[in-house]
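**Q** from the sequence below, what's the structure:
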Amino acid sequence: MSIATVDRAPLAPVPEAADAPTPQPARKLRSVPEGTEARGFALYVGLDEFSAIESGTDLSQVVDQLKRLLAQLAPSAETYAAVALAPAGAGGRDVDVVRLALQDPAALAKHRQVEETPAKKRTGVIVDVSRKRVTLDGDIASLTFKEFELLQYLVLREGRTIDRSELIASLWVADDDEAPNERTIDVHVRRLRAKLGHYEDIVRTVRGVGYRFDRHADVAIRQATTPSPDFF
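**A** Numbers count the residues shown, from 1 in each chain. Predicted coordinates for the structure are as follows:
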C-alpha cells in the first residue's frame with residue numbers, strides 16, 4: 001500500500017511582538033499635586049448674548065450642543081452649566097469676566113495682584129486720525145481696522161449723534177461678509193469700548209437713537225488739516 005505525500009507550503013513568518021501597535025498612555029491635562037486626582041474640569045466660555053446672536057445661535061443652544069458632545073465622548077459624565085453675569089457695559093475680555101465672575105482661583109489671584117499694583121499715571125487719550133491709531137496713557141490701543149474706523153467716524157462728527165443705520169451704511173459695504181445689522185452694531189461698539197478701558201465713556205450711547213463722541217479734557221485729537229465733513 002502506498003502512502004500519498006502532500007507538499008506543504010512554508011508557513012508565513014509570525015510577526016514579532018514589536019510590529020503590534022503600542023498602546024498609548026492616557027494623556028493628562030496637567031500634573032496634579034501628590035495625593036490628589038482629577039475629578040473633572042471647568043471650561044470657561046467667553047461669549048456674550050449679542051455675539052452668540054451674531055453667530056446665529058444663543059447661549060442655551062451652545063450649552064446644549066456641548067452637553068450632547070460630552071454625552072457621546074463620555075456617557076457617564078455629569079455636567080453643570082452656570083451663566084456668568086456682569087454689569088451691563090463692563091469692559092474687558094469676555095472670558096476673563098467669566099472666570100472672575102465664577103470665582104476661578106487663578107483669575108481671582110490675578111485680579112488681586114492688579115488691585116495691589118500702583119495705578120499707572122494717566123496721561124489721557126490721543127486719537128491720531130492721520131496715523132490711524134489710538135494711544136491710552138502712553139500705550140497704543142490694539143484696535144482692529146474696523147474698530148478704529150468706527151471711532152474715527154464718531155470723532156470726526158464730534159457732538160453729533162449717529163444712528164446705527166448710518167454707521168452700517170458708511171462703514172460696511174453691501175457684499176461685506178461681516179456686515180452687521182442694526183442690532184449687532186452694538187457688539188462692535190461694546191468691543192471698542194472694552195479696548196478704550198478707563199476712557200470708554202468717550203463713546204456715549206444715546207438711548208433709542210445711536211452713538212456720539214464726547215470729548216473730555218483728557219482727550220486729544222490729532223488729524224490732518226482737512227476738517228470734519230460736518231463742519232464745511
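**Q** shaky segments in the protein?
**A** Counting by pLDDT under 70, the ranges of the chain that qualify are 1-32, 88-92, 114-120, 174-179, 224-232.
**Q** who does residue 139 form a beta bridge with?
**A** residue 136 (DSSP bridges).
**Q** and it, how many neighbours?
**A** Using other Cβ atoms under 10 Å, residue 139 is surrounded by 11 other residues. Every C-beta, even on glycine, is put in place using the N, C-alpha and C of the backbone.
**Q** swap in the one 3 residues further on?
**A** Residue 142 has 10 neighbouring residues, counting by other Cβ under 10 Å.
**Q** touching, it and residue 197? I think so.
**A** No: look at residue 142 against residue 197 with Cβ atoms under 8 Å: they stay out of range, at 11.2 Å.
**Q** and for residue 83, the neighbour number?
**A** 11.
**Q** what's the answer for the one 4 residues further on, then?
**A** Here the number of neighbours of residue 87 (other Cβ under 10 Å) works out to 7.
**Q** from residue 101, how far out is it?
**A** Distance, residue 87 to residue 101, using Cβ to Cβ, to the nearest Å: 10 Å.
**Q** now swap in residue 107 and tell me
**A** 9 Å.
**Q** and this structure, what are its domains?
**A** 49-116, 125-231 (automatic domain parsing).
**Q** make TSV out of the ones you listed and add distance to residue 40.
**A** TSV is the format used below for these (distance: least, Cβ to Cβ, whole Å):
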stretch	distance to residue 40
domain 49-116	8
domain 125-231	31
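**Q** out of those domains, which one sits most buried?
**A** domain 125-231 (a mean of 15; mean count of other Cβ atoms under 10 Å).
**Q** now for the longest helix along the chain, which elements pack on it?
**A** Longest helix in the chain by number of residues, with DSSP state H as the criterion: helix 59-73. Counting contacts by 3 or more Cβ pairs under 8 Å, 6 or more residues apart in numbering; DSSP states H and E, helix 59-73 packs against helix 49-54.
**Q** for the helix it packs on, packing partners?
**A** helix 59-73, helix 185-196.
**Q** can you tell me what sits against that helix?
**A** Applying Cβ atoms under 8 Å, 6 or more residues apart in numbering, the contact partners of helix 49-54 are 58, 59, 61, 62, 94, 180, 183, 184, 186, 187, 190.
**Q** ranges for the helices of this protein?
**A** 49-54, 59-73, 94-101, 105-116, 145-155, 164-171, 185-196.
**Q** and those helices as TSV, adding distance to residue 41?
**A** Below are the helices of the chain laid out as TSV (distance: least, Cβ to Cβ, whole Å):
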stretch	distance to residue 41
helix 49-54	22
helix 59-73	11
helix 94-101	13
helix 105-116	13
helix 145-155	33
helix 164-171	40
helix 185-196	27
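**Q** right, and these - which one's nearest residue 135?
**A** Proximity to residue 135 (Cβ to Cβ) singles out helix 185-196 among the helices of the chain, at 11.2 Å.
**Q** who's in contact with the residue lying closest to residue 100 once chain neighbours are set aside?
**A** Closest residue to residue 100 apart from its sequence neighbours, by Cβ to Cβ, 6 or more residues apart in numbering: residue 107 at 4.7 Å. Residues in contact with residue 107 (Cβ under 8 Å, 6+ apart) are 96, 99, 100.
**Q** for the last one, give its distance to residue 109.
**A** When Cβ to Cβ is the yardstick, residue 100 and residue 109 sit 11 Å from each other.
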